[in-house]
Structures are given as C-alpha cells and as structure tokens.
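A.B. asks: My questions concern the predicted model and sequence given below.
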Amino acid sequence: MTSPPAFIKTYAYLRKSRADGEESVEEVLAKHERMIQDYAVRTWKVEIPEDHIFREVASGETIASRPMIQKLIGMIQRKEVEAVLCVDLQRLSRGDLVDVGELSRLFWTTKCKILTPVHSYDLSDEHDRKFFEMELMHGNDYLEYTKKIMSRGRRQSVLEGNYIGSRDPYGYVRVFVDKKPTLAVNPKEAEIVKLIFRLYTSEHLGPHLIADRLNQMGITSQKSDHWSPVSVRTVLENTLYIGKVSWDRKKTVKEYRDGKLVKTRPRSDDYIIVDGKHEAIIDLETWNKAREIASTRAHPSARHDRSKIVNPLSGLLFCKDCGYMMSYKQCYDHKSKAPINPIYICTTKGCPCRGAPVYFVLGQVKDNLVQYQRTLDANTETAPDNSSVTSTREILEKELAELQRAQNKLYDLLERGIYSEEVFIDRSAKNKARTDSIKKSLSEIAEKDKTKIDRENFKASLQRCIDMLAMEDADAQTLNLQLKTIISRISYQRAKGPTRAFTPIQMTLIFM
C-alpha cells in the first residue's frame with residue numbers, strides 16, 4: 001500500500017495489558033509506537049501526529065472496559081476514521097465472540113481499513129475478514145488459557161499458605177520469606193485488632209459502639225481517618241487474624257441485568273481456607289467466642305433480592321452537615337412487626353441532621369423539580385432559524401473534502417518527484433492550517449446543535465422524573481435510574497428541634 005486511504009483520517013491505536021510480560025507500560029508503548037511510526041514514515045513519508053494516537057493500558061478481555069477503544073469505535077461509526085494502524089490485530093481485542101463480531105461488523109460496514117506493519121486488512125474482502133476474525137479468536141483463546149494458568153498458580157500458592165493479596169491487611173505488612181509472599185505483624189495495628197476483639201467478646205460492645213470508642217480514642221482505620229461499623233465488622237470476620245489464608249471467598253460472576261452484562265462478586269460457599277505462614281494475632285478461643293456472639297446477634301435481612309434497589313434516592317441523597325450519604329431505613333411497627341413508612345436518616349455520629357419520612361423527602365424533590373421546570377420554561381428562547389447554519393456546514397464540509405483530496409495529491413506528486421520535499425512541506429503546512437480552522441468551525445457548529453438537542457432531552461427526562469414522582473407505586477429502581485439522568489447529587493439538611501415539632505427541610509439539587 002503506497003498511499004493512505006486518507007491520511008488525515010488514519011489513527012493509531014496502542015494498547016498495553018497490565019499483565020503483558022515484565023516490561024513496563026512505558027517501555028512497551030514506546031516500542032510499539034516506534035514500530036508504527038517507522039511504518040508510517042516508510043509508507044507515507046510522515047509520522048502519525050500526536051492527536052491521531054490513542055493509547056490505552058487495559059486488559060484485552062472486553063471492549064466495554066476500555067474507554068479509548070470505545071472512543072475510537074465512535075469515531076469510526078461517525079466516518080471520522082478511514083484506517084486504524086496498530087502493531088497487530090490482537091491489540092484491538094482479545095474478547096469473546098460478541099466483541100469479535102462487533103469489531104468485524106464495524107470495520108466491514110464502515111469500510112474502515114486496519115493497517116499493521118505486516119499486512120493491511122480490508123474486511124470488505126472475504127478472506128481478510130475471515131483471517132481477522134480467526135486472529136482475534138486465537139487471541140481470546142490465548143487470554144483464557146493465560147488466565148487459567150495464572151488462576152491455577154495463585155490457587156496453589158494459597159494452598160502453600162502464602163498471602164497473595166494486593167495490599168497490606170490491617171494489623172500486618174506484606175513481606176517475602178524465601179521469595180514467597182506472606183505477612184509480618186504490624187505491632188501498633190495488631191494491638192488495635194486485639195482491642196476490637198476484647199471490646200466485642202469481653203465488654204459485649206457491638207460494631208457501632210466499638211467504632212465510636214475507637215474514634216473517641218483518635219485511632220484511624222486503614223482507609224480513612226475514622227472507623228465505621230462496617231470496618232469493625234470486617235476485622236471481626238477476617239480469618240487472617242487466626243493465622244489462616246483464604247481465596248475465592250468472592251468469585252466474579254457475570255450475569256445479565258436489564259439487558260446488560262454486569263460483573264458481581266457474591267459470597268461463595270466454595271472457597272479455600274488453609275493455615276498460613278504468618279503469625280496469628282488472635283487466639284482460637286477468642287475467635288470462637290466472637291463467632292458465637294455474632295451468631296446470636298444475626299438477624300435475617302428484610303431485603304432478599306440484593307440486586308433490586310429499594311431506595312429511590314440511592315447514590316443521590318447526601319447530608320449537608322457531614323457530607324455523608326443519607327441512609328434508607330425500613331421501620332417496623334413494635335406490636336405487629338409489620339413494615340411501615342421508611343425514613344431517611346444520617347447515621348454519622350454526632351451529626352445534627354434530623355431524618356424524615358421517605359415519602360416526604362420525595363415530595364420535596366418533586367416540588368424542586370417542578371419549580372426548576374417552570375424556570376426553564378420561562379427562560380426558553382425562540383429557536384433560531386438553522387438554515388444558515390446548515391448551509392455553512394455544507395460549505396465547510398465540501399472545502400474540507402477538497403483539502404483532503406489536495407493533500408492526497410501532494411503525496412502522489414512527492415512520490416513521483418514532481419514536488420521537492422521543501423515544496424511538499426510548505427504546501428502541507430498551509431493545507432493543515434486551513435484544515436484545522438475548518439475543523440474548529442465545524443466543531444463549534446456541532447456543539448451548538450448538540451446543546452440544543454441536549455436541552456430538549458433534558459427537559460423530556462425532567463418531565464418523566466416529575467411524572468414518576470407523582471406515582472404512588474413507582475418502581476424504586478426505575479425511578480432511581482431516571483433521576484440519575486438529570487441529577488448528580490441532592491444536598492439534604494434538616495435541623496433538630498423539639499420532639500414531634502416540624503422543622504423544614506433545606507434541599508439543593510445539583511443537575512447533570
């Protein structure tokens with residue numbers, strides 16, 4: 001191939017998997033970039049410009065987990081890319097049949113070419129398409145084989161009593177003994193672990209009260225400057241403290257939810273637990289006593305389906321006083337034990353914020369949205385005539401196409417020796433300056449169109465939220481997803497007053 005399909009629309013894609021070999025990310029990407037730039041110079045006498053290079057550090061397992069390849073795919077779909085240059089086909093993907101099919105269909109239907117230093121692929125050609133799909137599937141087979149071998153190695157290491165976790169557990173530091181990973185006791189943190197078990201087993205304090213005691217003592221946890229009931233419970237349930245190591249307590253499981261493939265990590269009954277090489281901090285008698293206490297305090301959850309959201313403001317409602325997320329609490333009648341109206345409360349110790357019934361908070365959210373809708377309607381301007389904008393775009397797009405053809409002709413004249421290198425560089429620079437100016441103008445026009453479309457979409461989503469909030473039986477999960485299309489955060493504040501006295505809620509909605 002002596003000239004690019006349209007050099008201005010040729011983009012390079014570089015990917016380095018975190019698990020690829022022993023070389024650093026920078027070394028591998030730099031080596032791959034030298035290979036594609038050498039190819040570009042040999043083929044077109046110029047290097048790929050920096051703004052035409054996509055770099056990504058991610059596993060090749062799925063397209064969904066790689067933002068840069070998704071961005072490149074979007075550009076290909078919009079016909080902004082006519083050729084993709086990469087070191088080899090497996091840099092694009094090592095995904096399953098779904099990803100292979102998606103990429104094959106993408107390059108086939110858009111007629112976008114794939115260039116490598118070894119071969120150029122045009123998927124409109126049946127033989128190229130078959131080889132492309134076969135090569136990507138070989139990459140997926142190799143990836144699955146590698147994952148299986150690595151998993152087998154990790155499992156065997158755990159069976160030997162090694163600690164292969166990625167970070168230091170509270171109370172320990174990771175060390176190597178005879179080149180094998182294990183743990184050494186962190187004396188200062190180990191004393192806190194012993195204190196937690198003593199408060200739980202001897203003084204019969206629960207995780208909430210233990211967290212309060214540790215915070216009053218000024219003791220910081222591993223992840224933050226304060227302890228929470230969850231972090232205390234994590235310590236009380238960790239078998240590392242009795243000298244054990246475990247693996248696969250939470251296995252990654254793929255499942256479909258609302259038509260989308262998601263990964264979850266539920267607790268597994270089939271896991272490994274063996275004696276570790278490290279020193280125990282807690283004796284077995286104390287551990288067994290803690291487990292016995294935990295079993296007597298355990299109670300069944302009111303939520304049997306953990307995948308189903310019951311809090312319509314999940315991830316949205318935050319306390320203005322302390323900054324933490326408000327908790328959704330289901331209340332029960334003391335006599336009949338039947339569930340009654342749930343409430344939102346702030347569980348931060350010492351926070352002055354007062355809770356409120358969920359239905360009342362949702363009513364306030366609805367009132368705020370209605371008020372905001374009125375403001376939008378009052379400020380809506382008469383839509384301008386877009387005919388002049390459309391004609392300007394058409395003129396600019398035609399001029400851009402002419403410049404692209406002229407640039408291709410420059411390459412041809414340079415290769416035939418009609419233009420000297422100096423003349424080629426001078427005319428290319430002028431072409432590029434005008435091309436950049438046109439692209440900027442087109443981007444400004446597109447941004448104006450997008451702003452108008454976004455405004456209309458936002459108003460439609462806003463109306464849907466108001467309608468759903470007005471429904472008494474609206475599904476909490478559906479409402480939550482709908483609210484998140486327009487709202488990023490809700491700030492909640494309610495001052496405490498005399499018992500049963502009404503105190504107003506101060507609420508601020510932050511929109512997307």
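C.D. replies: On my side now, so go ahead.

A.B. asks: W247 is in contact with G276, isn't it?
C.D. replies: No. Using CB atoms under 8 Å, W247 makes no contact with G276, being 11.0 Å away. No exception for glycine: its C-beta is placed from N, CA and C like everyone else's.

A.B. asks: Provide the contact partners of stretch 487-504 at residue level.
C.D. replies: With contact meaning CB atoms under 8 Å, 6 or more residues apart in numbering, stretch 487-504 is reached by 313, 316-321, 326, 344, 352-356, 361, 365, 465, 505-512.

A.B. asks: change it to 7 Å
C.D. replies: Contact with stretch 487-504 is made by 313, 316-321, 326, 352-354, 356, 365, 505-512, as judged by CB atoms under 7 Å, 6 or more residues apart in numbering.

A.B. asks: Please work out the average pLDDT along it.
C.D. replies: The average of the pLDDT scores along stretch 487-504 is 80.

A.B. asks: again with stretch 409-417
C.D. replies: On average, stretch 409-417 scores 69.

A.B. asks: so what secondary structure elements neighbour the longest helix along the chain?
C.D. replies: Using DSSP state H, we find that the single longest helix of the chain is helix 421-469. Secondary-structure packing of helix 421-469 (3 or more CB pairs under 7 Å, 6 or more residues apart in numbering; DSSP states H and E): helix 358-379, helix 387-415, helix 476-483.

A.B. asks: tell me the most buried of those helices?
C.D. replies: Each of the helices and strands packed on helix 421-469 was scored by mean neighbour count; the highest is helix 476-483, a mean of 18, by mean count of other CB atoms under 10 Å.

A.B. asks: Render the CA-only coordinates of it in CSV, please.
C.D. replies: What follows is helix 476-483 as a C-alpha-only set of coordinates in CSV (Å, rounded to 0.1, in the frame of the first residue of the first chain):
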residue,chain,number,x,y,z
ALA,A,476,-37.8,2.4,43.2
GLN,A,477,-35.0,1.1,40.8
THR,A,478,-36.6,2.6,37.7
LEU,A,479,-37.2,5.9,39.5
ASN,A,480,-33.6,5.9,40.7
LEU,A,481,-32.2,5.4,37.2
GLN,A,482,-34.4,8.1,35.8
LEU,A,483,-33.4,10.6,38.4
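
A.B. asks: how near is the residue nearest the centre of the chain to A58?
C.D. replies: Centroid-nearest residue in the chain: S65, 7.6 Å away (criterion: CA atoms, centre = their mean). For S65, the distance to A58 equals 6 Å [CB to CB, to the nearest Å].

A.B. asks: Check L195 too.
C.D. replies: Distance from L195 to A58, counting by CB to CB: 42 Å.

A.B. asks: Next: I487.
C.D. replies: I487 is 30 Å from A58, by CB to CB.

A.B. asks: Have a look at the two and say which one is more surrounded.
C.D. replies: A side-by-side neighbour count of I487 and A58, using other CB atoms under 10 Å, places I487 first with 21 against 15.

A.B. asks: my read is S488 is in a strand, agree?
C.D. replies: Yes. S488 sits within a strand when classified using DSSP: H, G, I helix; E, B strand; the rest coil.

A.B. asks: Quick one: low-confidence residue ranges for the stretch 151-300 of the chain.
C.D. replies: 254-263, 297-300 (pLDDT under 70).

A.B. asks: Please read the previous query as pertaining to the stretch 351-500 of the chain.
C.D. replies: 380-393, 410-415, 419, 421, 423-424, 445-454, 498-500.

A.B. asks: can we see that at 80?
C.D. replies: 377-457, 496-500 (pLDDT under 80).

A.B. asks: show me where the stretch 1-150 of the chain has strands.
C.D. replies: Counting by DSSP state E, counting those that start in this stretch, the stretch 1-150 of the chain has strands at residues 10-16, 53-57, 83-85, 113-115, 120-121.

A.B. asks: quick one: which of those strands is nearest D99?
C.D. replies: D99 lies closest to strand 10-16 among the strands of the stretch 1-150 of the chain, at 13.4 Å (CB to CB).

A.B. asks: and that closest one, what does it pack onto?
C.D. replies: Checking 3+ CB pairs under 7 Å, 6+ apart, strand 10-16 ends up next to helix 25-44, strand 53-57, helix 67-77, strand 83-85.

A.B. asks: neighbours around the nearest residue to Y11 once chain neighbours are set aside, how many?
C.D. replies: Among residues not flanking Y11 along the chain, H52 sits closest, at 4.8 Å (CB to CB, 6 or more residues apart in numbering). By other CB under 10 Å, the residues close to H52 number 16.

A.B. asks: and if you look at the one 5 residues further on?
C.D. replies: Here the neighbour count serves as a burial measure; for V57 (other CB under 10 Å) it reads 16.

A.B. asks: Go ahead and confirm L14 touches H52.
C.D. replies: No. Counting by CB atoms under 7 Å, H52 is not a contact partner of L14; they are 11.5 Å apart.

A.B. asks: starting at the chain centroid, how far to the helix or strand that contains V173?
C.D. replies: If you go by DSSP states H and E, V173 is part of strand 172-177. Once both centres are worked out by CA atoms, centre = their mean, to the nearest Å, strand 172-177 turns out to sit 31 Å from its chain's centre.

A.B. asks: contact partners of that strand?
C.D. replies: Residues contacting strand 172-177 (CB under 7 Å, 6+ apart): 163, 168, 181-186, 240, 277-278.

A.B. asks: buried residues in it?
C.D. replies: 172, 174 (16 or more other CB atoms under 10 Å).

A.B. asks: CA atoms of it as CSV?
C.D. replies: These are the backbone C-alpha positions of strand 172-177, laid out as CSV (Å, rounded to 0.1, in the frame of the first residue of the first chain):
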residue,chain,number,x,y,z
TYR,A,172,0.0,-6.8,59.0
VAL,A,173,2.6,-5.8,56.4
ARG,A,174,3.4,-7.9,53.3
VAL,A,175,6.8,-9.4,53.3
PHE,A,176,8.7,-12.1,51.4
VAL,A,177,10.3,-15.1,53.1
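
A.B. asks: what packs against the helix or strand hosting L209?
C.D. replies: Assigned by DSSP H and E, L209 belongs to helix 207-216. For helix 207-216, the packing partners by 3+ CB pairs under 7 Å, 6+ apart come out as helix 187-201, helix 229-237.

A.B. asks: With that, I have no additional questions.
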